[in-house]
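[1] No sequence on hand, only this structure:
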């Protein structure tokens with residue numbers, strides 16, 4: 001600020017909601033918390049505001065339509081661009097967390113405004129497999145300054161269907177302290193000394209849990225004996 005301390009960068013996080021639960025919501029929640037702890041000023045823009053003690057001092061704007069559901073949700077979301085542009089105009093950087101909002105966000109940022117896009121998994125790839133959705137997502141991806149992929153698999157899958165902007169791989173992290181004392185040592189250290197496979201997350205095929213189960217069965221037959 002002129003004549004005083006520098007103004008903290010305002011970073012907009014666009015998501016469906018920011019709750020300490022799972023998926024986009026948890027990722028946005030943690031980003032907002034971490035950016036505030038780093039001295040930035042987070043601004044949450046979502047479909048649904050969240051009442052969370054960790055987000056209490058953070059500015060929230062619940063102005064977006066749902067990211068999913070109904071017919072052509074991405075196309076319909078474009079109607080919110082004026083409201084979103086008004087909020088984003090007050091920010092220095094925009095980080096879109098929920099991939100379906102990318103065309104809306106790209107339409108709403110001002111020329112030259114840095115745009116970060118997270119690619120969580122196949123949600124990031126699917127729009128480029130549809131001829132209709134490509135009409136919206138390909139131009140929007142050209143507005144992205146930095147693409148943050150949560151795995152090499154996602155980055156490589158995207159590269160097969162579209163020319164990417166600058167892209168880096170940053171796996172999602174966790175606040176390890178929040179899990180202290182929640183797992184019984186008896187679960188991780190069975191009495192027979194056998195290896196333990198822990199799979200976290202909902203049992204959905206797209207998460208590959210069936211591959212983990214098949215791999216475990218193969219190890220029991222041909223893997224090394226436990227020591």
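    Great, that's in hand. What you see is a predicted model, and the numbers here were worked out from it, not measured in a lab.
[2] okay, CA-based contacts and neighbour counts for the rest of this
    OK.
[3] for the chain, which spans come out with low pLDDT?
    Within the chain, the ranges that satisfy pLDDT under 70 run 1-6, 178-195, 201, 206, 223-227.
[4] can you give me the helices in it?
    Here the chain has its helices, by DSSP state H, at 23-37, 73-77, 81-88, 102-108, 122-125, 131-141, 152-159, 185-188, 209-222.
[5] which one of these has the most crowded surroundings?
    Mean neighbour count, computed with mean count of other Cα atoms under 10 Å, is highest for helix 102-108 among the helices of the chain, reaching a mean of 24.
[6] so what does that helix touch, helix or strand wise?
    Under the contact criterion of 3 or more Cα pairs under 8 Å, 6 or more residues apart in numbering; DSSP states H and E, helix 102-108 touches helix 73-77, helix 81-88, helix 131-141.
[7] and those as JSON lines, adding distance to residue 35?
    Shown next, in JSON lines, are the helices and strands packed on helix 102-108 (distance: least, Cα to Cα, whole Å):
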{"stretch": "helix 73-77", "distance to residue 35": "27"}
{"stretch": "helix 81-88", "distance to residue 35": "17"}
{"stretch": "helix 131-141", "distance to residue 35": "24"}
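[8] right, and those helices - which one's nearest residue 29?
    Nearest to residue 29 among the helices and strands packed on helix 102-108 is helix 81-88 (18.3 Å), distances taken as Cα to Cα.
[9] So what's the gap between that closest one and the chain middle?
    21 Å (Cα atoms, centre = their mean, to the nearest Å).
[10] now swap in stretch 80-91 and tell me
    With Cα atoms, centre = their mean, you get 20 Å for stretch 80-91.
[11] and if you look at stretch 7-17?
    With Cα atoms, centre = their mean, you get 13 Å for stretch 7-17.
[12] how far does stretch 59-73 stretch from start to finish?
    26 Å (Cα to Cα, to the nearest Å).
[13] whoops, stretch 86-105 was the one
    Termini of stretch 86-105 sit 12 Å apart (Cα to Cα).
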